[in-house]
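Visitor: Structural data only, the sequence is not supplied:
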């Protein structure tokens, strides 16, 4: 899948999550690189090493329930970034996330 970021004006930060044994939320930045208040509109999320599951409906995912996202596949998420949660399907999963406004 090709990601279209033409509407993106600013990168707001990067995060890597290395502990996904329990349902984990993202640490959403509240300031841009210049220190100004911001609210990310899109998160680009890619699991590394192992697949993960995610939910954004207020219920925590489990290793067998939730939307699967395979290692190396990118999710372009533009919903409420504060509500999405991830959990590993197998041990040692990592997530790489970049936030954009």
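Guide: The structure has been received and is ready for your questions. Treat the numbers as computed from the prediction; the structure is a model and nothing was measured. Numbering: from 1, shown residues only.
Visitor: how about the helices in this structure?
Guide: Per DSSP state H, the chain carries no helices over any range.
Visitor: got the contact list for the helix or strand bottoming out on mean pLDDT in it?
Guide: Confidence across the helices and strands of the chain bottoms out at strand 11-17, with a mean of 93, counting by mean pLDDT, DSSP states H and E. The set of residues external to strand 11-17 that reach it, using Cβ atoms under 8 Å, 6 or more residues apart in numbering, is 24, 26-27, 29, 32-33, 38, 40, 86, 94-101. C-beta coordinates here come from the backbone N, C-alpha and C atoms, glycine included.
Visitor: Buried subset of those residues as a PyMOL selection?
Guide: For anyone working in PyMOL, the buried entries among the contacts of strand 11-17, judged by 16 or more other Cβ atoms under 10 Å, can be selected with:
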select buried, resi 24+26+29+32+38+40+86+94+95+97+98+99+100
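Visitor: mind listing which of the contacts of strand 11-17 are in strands?
Guide: Here DSSP state E is the test, and these give 24, 86, 94-100 as lying in strands.
Visitor: can you put the residues you listed in TSV and add distance to residue 44 and pLDDT?
Guide: Output for the ones in strands among the contacts of strand 11-17, formatted as TSV (distance: Cβ to Cβ, whole Å; pLDDT from 0 to 100):
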residue	distance to residue 44	pLDDT
24	17	98
86	14	98
94	15	97
95	11	98
96	8	98
97	7	97
98	5	95
99	8	92
100	7	90
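Visitor: wait, what's in contact with the spatially most central residue of the chain?
Guide: Centroid-nearest residue in the chain: residue 45, 4.2 Å away (criterion: Cα atoms, centre = their mean). Neighbouring residues of residue 45 by Cβ under 8 Å, 6+ apart: 69, 74-77, 86, 95-97.
Visitor: These into CSV, with extra columns for distance to residue 60?
Guide: Written out in CSV, the entries for the contacts of residue 45 read as follows (distance: Cβ to Cβ, whole Å):
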residue, distance to residue 60
69, 16
74, 23
75, 18
76, 22
77, 17
86, 10
95, 16
96, 21
97, 18
